[in-house]
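*Asks:* Need the 3D shape of this:
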Amino acid sequence: MSQGYEESYEYFEELRERTREEVRHGNLEAALALCDQAIAWAECHKCKDWRDLAHCNRSSILINQGLGSDVISKLRQILLGSSNSEICYHAANNISRFHEMRQEGDRGLFYARLSLDHAKKSQKPEPMARSYNQLGLLLVRDSYFEEAQDCFSQALSLLPTEPSHDATVILYNLGYCLLMVGNPRQGFSHLFSSLRIAKRQGAEVWEMYPRLGLSFAYLEVDRPDRAVIHARRGLILAETAGMQWQVKNALYLLGESEKLLGNELAAHRQFTRLQQEFYPDDPVIPDFLMATDVRKLINLMA
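*Replies:* So this is what the prediction gives:
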């Protein structure tokens, strides 16, 4: 690679594309290293917009790993200090995701709407799709499933026709909403479409979302024999990705599937792990879950 090429914007875009590719394959540490490289390159060349963009990319990865507290102040600085609509969209969307994961719904909704405003100003369909998707996620958390369904449908309509990571995630979200509004046939259809796209792209780790969605769907139609298969696979993928929120969901689903299959020891083992890792101060949880219909307690996006 020539020195002239390294000093061009194309080099920065190459770093971003390599980052996206690593994220698609679940190699998050490698993706973070590429983000750091992009930040250093932008600072060296005094490119504020590109530096801010690389910080947003890095922050997105950390927030999905549950490490948003380390980057939230930087994102707010970027949002307040940038006049670039695309960068403001990224910053606001990441801040919304941070508040969503902390179950701070009102703040999350504020930044999701701000993100959508900036995405519309950029006039780029993919940022608009991701903003509608984020807004839908916040609505699902408060059980506004019909409103969320509209957001996810709008997001899906903005995506290009070819398979993509965004399509995998949005189809999963829409499929889950369809289940929750009493449309299991279409719900299953969207979840299987999400799984097929993840497989087609070779992005195995992102099968986690449709796998967990299908596990929940099969529990809803009283097929724990199918639910347990998807829950086991979803748990492995969530652990591989280091996404603790999805590990928790997988343990709920796996424990309930095993319980309904009559495997009480296996079920209690999953619920005990759930309690030890996520509710260490509440030792009665395993016994409570063994005596409860866990399906009524699960919201995969809350």
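*Asks:* And whatever helix or strand Glu100 lives in, what's buried?
*Replies:* In the assignment (DSSP states H and E), Glu100 maps to helix 85-101. Across helix 85-101, burial judged by 16 or more other Cβ atoms under 10 Å covers 85-101. Every C-beta, even on glycine, is put in place using the N, C-alpha and C of the backbone.
*Asks:* just stretch 285-302 next, same as before
*Replies:* For stretch 285-302, burial by neighbour count (16+ other Cβ under 10 Å) applies to Ile285, Pro286, Leu289, Val294, Ile298, Leu300, Met301.
*Asks:* same question, stretch 249-265
*Replies:* Across stretch 249-265, burial judged by 16+ other Cβ under 10 Å covers 249-260, 263.
*Asks:* mind listing what Gly187 touches?
*Replies:* Listed by Cβ atoms under 8 Å, 6 or more residues apart in numbering, the contact partners of Gly187 are Gly175, Tyr176, Cys177, Leu178, Leu179, Ala217.
*Asks:* Could you pull up the contacting residues of the residue lying closest to Leu219 once chain neighbours are set aside?
*Replies:* Nearest residue to Leu219 in three dimensions, chain neighbours excluded: Ala227, at 4.6 Å (Cβ to Cβ, 6 or more residues apart in numbering). Applying Cβ under 8 Å, 6+ apart, we find Ala227 in contact with Leu214, Ser215, Phe216, Ala217, Tyr218, Leu219, Leu253, Glu256, Ser257, Leu260.
*Asks:* So the first one versus Gly136, what's the distance?
*Replies:* Spelled out, it's Leu214. Per Cβ to Cβ, to the nearest Å, Leu214 is found 19 Å from Gly136.
*Asks:* ok, Ile285 touching Leu274?
*Replies:* Yes. Using Cβ atoms under 8 Å, Ile285 is in contact with Leu274, at 6.9 Å.
*Asks:* How many residues are close by Arg102?
*Replies:* Using other Cβ atoms under 10 Å, Arg102 has 14 neighbouring residues.
*Asks:* Now it, what are its backbone angles?
*Replies:* Main-chain dihedrals, Arg102, degrees, to the nearest 10: phi -90, psi 10.
*Asks:* Who's the closest spatial neighbour of it, skipping the chain neighbours?
*Replies:* Leaving aside its chain neighbours, Arg102 sits nearest to Gly68 (7.7 Å; criterion: Cβ to Cβ, 6+ apart).
*Asks:* Quick one: residues contacting that neighbour.
*Replies:* Contacts of Gly68 were listed using Cβ under 8 Å, 6+ apart, and they are Ser59, Leu62, Asn94, Arg97, Phe98, Met101, Arg102.
*Asks:* who's in contact with the helix holding Glu100?
*Replies:* Contacts of helix 85-101 (Cβ under 8 Å, 6+ apart): 49, 52-53, 56-57, 59-60, 63-64, 66, 68, 71-72, 75-76, 78-79, 82, 105, 107-112, 114-115, 118-119, 121-122, 124, 127, 130-131, 134, 137-138, 141, 245.
*Asks:* Out of those, which end up buried?
*Replies:* In these, burial by neighbour count holds for 52-53, 56-57, 59-60, 63-64, 68, 71-72, 75, 78-79, 82, 105, 108-112, 114-115, 118-119, 122, 127, 130-131, 134, 137-138, 141, counting by 16+ other Cβ under 10 Å.
*Asks:* Need the buried residues of stretch 249-265 in JSON lines (columns: distance to Asp281 and pLDDT).
*Replies:* Formatted as JSON lines, those follow (distance: Cβ to Cβ, whole Å; pLDDT from 0 to 100):
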{"residue": "Asn249", "distance to Asp281": "20", "pLDDT": "94"}
{"residue": "Ala250", "distance to Asp281": "22", "pLDDT": "96"}
{"residue": "Leu251", "distance to Asp281": "17", "pLDDT": "97"}
{"residue": "Tyr252", "distance to Asp281": "18", "pLDDT": "97"}
{"residue": "Leu253", "distance to Asp281": "23", "pLDDT": "97"}
{"residue": "Leu254", "distance to Asp281": "23", "pLDDT": "97"}
{"residue": "Gly255", "distance to Asp281": "19", "pLDDT": "97"}
{"residue": "Glu256", "distance to Asp281": "22", "pLDDT": "97"}
{"residue": "Ser257", "distance to Asp281": "26", "pLDDT": "97"}
{"residue": "Glu258", "distance to Asp281": "25", "pLDDT": "98"}
{"residue": "Lys259", "distance to Asp281": "23", "pLDDT": "97"}
{"residue": "Leu260", "distance to Asp281": "28", "pLDDT": "97"}
{"residue": "Asn263", "distance to Asp281": "27", "pLDDT": "97"}
